[in-house]
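[1] Sequence unavailable; structure follows:
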């Protein structure tokens with residue numbers, strides 16, 4: 001009976017296209033549907049900011065909505081910036097199929113949408129896009145990888161996985177290949193593209209692959225894309241290799257040593273700058289750390305863990321301090337789950353100089369995470385992290401964008417928040433002296449970090 005209920009709830013995750021982002025956020029996971037709720041707070045464009053750095057002169061310089069195609073309005077997912085262009089994935093509004101939008105950012109205060117691509121697979125949505133320069137015998141140029149997820153696995157024409165495109169000319173993206181998953185799997189949720197010693201690899205997080213295929217596929221895959229026309233899977237991670245997991249994992253639920261049944265699936269994957277370390281956000285199993293310095297001989301190193309009263313929900317990760325510090329964001333959207341602390345998702349910071357033994361240095365909580373009086377809402381949980389230098393940037397749905405000074409990772413200090421009325425931020429990235437943010441309802445937002453005052 002439990003498996004039947006679980007399958008029903010997971011299937012519901014992929015049917016968000018019938019809801020607008022003003023009603024539902026993107027990750028309805030673990031069978032919990034969450035309404036956003038009204039935002040009635042008195043919101044300021046640029047609040048006063050305090051801290052060791054002065055970011056009080058942030059200024060919104062652009063707010064560019066996505067173009068409509070055939071009268072259809074899509075909404076944004078994540079944002080990625082590369083070599084003067086911004087790439088915005090799209091979510092599920094109005095049936096998905098919004099593809100990836102490319103914005104010319106030569107003048108960041110006047111971004112121009114110049115192309116749309118990766119929209120050719122029916123019944124899918126395209127959350128994540130990463131672009132890197134690649135030079136192999138099979139391909140030379142700018143390579144884009146795009147996650148593809150099915151809205152309805154019952155649609156015979158839909159399929160999940162990731163697409164590969166040549167975006168050397170951003171005005172004219174050219175399709176190269178498709179890494180296609182088993183039809184039973186919703187698809188690739190988040191991914192990352194890394195170039196290691198000249199060879200490109202994709203790290204793909206494929207939630208519930210293990211569950212839906214009964215172990216035939218795994219939730220994480222490392223794929224060699226040296227020839228983008230013929231991507232090759234070279235490694236998959238199986239949580240069962242961990243002694244504490246092996247016999248207590250059924251492909252989704254884990255009977256953890258703390259006596260609780262916890263959800264386990266791979267939500268996100270990324271690497272360090274050299275492509276030597278993989279970080280897998282495995283929800284209540286924590287952040288998995290793999291040594292992929294030899295991609296054909298991957299080694300498990302360690303993982304983060306949670307106290308018995310803390311919901312896991314390891315959602316995304318990034319690195320700081322030359323790869324010695326791990327930032328882990330946790331998307332907890334039900335703050336009153338029985339047996340756990342009353343709190344929305346907050347950020348944890350770890351010392352991983354010894355990756356086999358991550359040591360928690362601190363937590364960073366906004367003023368939103370303990371506000372549980374209004375019931376369940378995505379607005380109060382943290383979402384995606386980015387680091388530039390000693391500043392951590394966090395997207396926080398309706399909570400806006402946060403800037404955190406992590407010069408001392410043991411004492412993170414909030415130094416900025418941007419919370420315009422009606423915003424609902426999915427992702428954030430940095431381009432020169434500008435902060436780029438994907439506002440689900442309002443398109444691409446561009447902030448000037450220092451306007452010269």
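    Yes, it's here. Note that this is a predicted model, so its numbers are computed, not measured.

[2] so residue 209 touches residue 215, yeah?
    No - with contact defined as CB atoms under 8 Å, residue 209 does not count as touching residue 215 (9.3 Å). Quick note: C-beta positions are derived from backbone N, CA and C, even for glycine.

[3] Tell me which of these two has more neighbours.
    residue 209 (28 against 13; other CB atoms under 10 Å).

[4] ok, that one - contacts?
    Contact analysis of residue 209 by CB atoms under 8 Å, 6 or more residues apart in numbering lists 181, 182, 185, 217, 218, 219.

[5] And the furthest pair within those?
    The span of these, defined through CB to CB, is set by 182 and 219 at 12.2 Å.

[6] more crowded one of those two?
    Using other CB under 10 Å as the criterion, residue 182 and residue 219 rank with residue 219 on top: 28 against 15.

[7] Leaving out chain neighbours, which residue sits closest to residue 284?
    Using CB to CB, 6 or more residues apart in numbering and skipping residues adjacent in sequence, the residue nearest residue 284 is residue 312, 3.1 Å away.

[8] The one you found against residue 281, yeah?
    No - contact criterion CB under 8 Å: residue 312 and residue 281 do not qualify, at 9.7 Å.

[9] Find residues that contact each of these two.
    Joint contacts of residue 312 and residue 281 (CB under 8 Å, 6+ apart) do not exist.

[10] who's more crowded, these two?
    Between residue 312 and residue 281, residue 281 has the larger neighbour count (other CB under 10 Å), namely 29 against 25.

[11] hmm, back to that, any idea which helix or strand carries the residue nearest to residue 284?
    Per DSSP states H and E, residue 312 falls between elements, in no helix or strand.

[12] just for this protein, where's the confidence low?
    1-57, 374-376, 451-453 (pLDDT under 70).

[13] ok, which stretches of it are helices?
    2-13, 209-212 (DSSP state H).

[14] contacting residues for the closest residue to residue 299 other than its chain neighbours?
    The spatially closest residue to residue 299, leaving aside those adjacent along the chain, is residue 291, at 4.3 Å (CB to CB, 6+ apart). Neighbouring residues of residue 291 by CB under 8 Å, 6+ apart: 276, 277, 278, 298, 299, 300, 301, 355.

[15] What of residue 65?
    Per CB under 8 Å, 6+ apart, neighbours of residue 65: 442, 443.

[16] Go through stretch 285-294 and flag the buried ones.
    Buried residues in stretch 285-294, defined by neighbour count with 16 or more other CB atoms under 10 Å: 285, 286, 287, 288, 289, 290, 292.

[17] Save those as TSV, and put in distance to residue 318 too.
    Converted to TSV, these look like this (distance: CB to CB, whole Å):
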residue	distance to residue 318
285	18
286	15
287	10
288	15
289	13
290	16
292	16
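
[18] and which of those is nearest to residue 139?
    Closest to residue 139, out of all of the buried residues of stretch 285-294 and judged by CB to CB, is residue 292, at 21.0 Å.

[19] Contact partners for the closest residue to the closest one other than its chain neighbours?
    Distance criterion CB to CB, 6+ apart; nearest residue to residue 292, sequence neighbours excluded, is residue 278 at 4.8 Å. Residues counted as contacts of residue 278 (CB under 8 Å, 6+ apart) are 203, 222, 269, 270, 271, 288, 289, 290, 291, 292, 298.

[20] Who does the closest residue in space to the first one that isn't next to it in sequence form a beta bridge with?
    Counting by CB to CB, 6+ apart, the nearest residue to residue 203 once its immediate chain neighbours are dropped is residue 269, at 3.9 Å. Taking DSSP bridges, one finds residue 280 as the beta-bridge partners of residue 269.

[21] so residue 269 makes contact with residue 207?
    No - checked against CB under 8 Å, the pair residue 269 and residue 207 is beyond contact range at 10.9 Å.

[22] so who does residue 428 touch?
    Here residue 428 is in contact with 79, 384, 386, 393, 394, 395, 401, 435, 436, 437, 438 (CB under 8 Å, 6+ apart).

[23] Filter those residues down to the buried ones.
    For the contacts of residue 428, buried by 16+ other CB under 10 Å: 79, 384, 386, 393, 394, 395, 401, 435, 436, 437, 438.

[24] wait, which of these is closest to residue 371?
    For the buried ones among the contacts of residue 428, the nearest to residue 371 is residue 394 (16.4 Å; CB to CB).

[25] how much space is there between the closest residue to that closest one other than its chain neighbours and residue 328?
    Spatially, and ignoring its direct neighbours in sequence, residue 394 is nearest to residue 402 (4.4 Å; CB to CB, 6+ apart). Distance, residue 402 to residue 328, using CB to CB, to the nearest Å: 15 Å.

[26] on contacts alone, who are the packing partners of the lengthiest strand in the chain?
    Looking across the chain with DSSP state E, the single longest strand is strand 140-150. Packing contacts for strand 140-150, counted by 3 or more CB pairs under 8 Å, 6 or more residues apart in numbering; DSSP states H and E, involve strand 85-90, strand 124-125, strand 129-135, strand 161-166, strand 191-196, strand 199-205.

[27] Return the distance of that strand from the chain's centre.
    Counting by CA atoms, centre = their mean, to the nearest Å, strand 140-150 is centred 15 Å from the centre of its parent chain.

[28] Same check on stretch 220-230?
    Its chain's average C-alpha position is 20 Å from that of stretch 220-230, according to CA atoms, centre = their mean.

[29] For it, which residues meet the burial criterion?
    220, 221, 222, 223, 224, 225, 226, 227, 228.

[30] between those, which is closest to residue 115?
    residue 228 (18.1 Å).

[31] Can you tell me how far the closest one is from residue 207?
    Per CB to CB, residue 228 is found 24 Å from residue 207.

[32] Then residue 339?
    For residue 339, the distance to residue 207 equals 23 Å [CB to CB].

[33] Perfect, that will be all.
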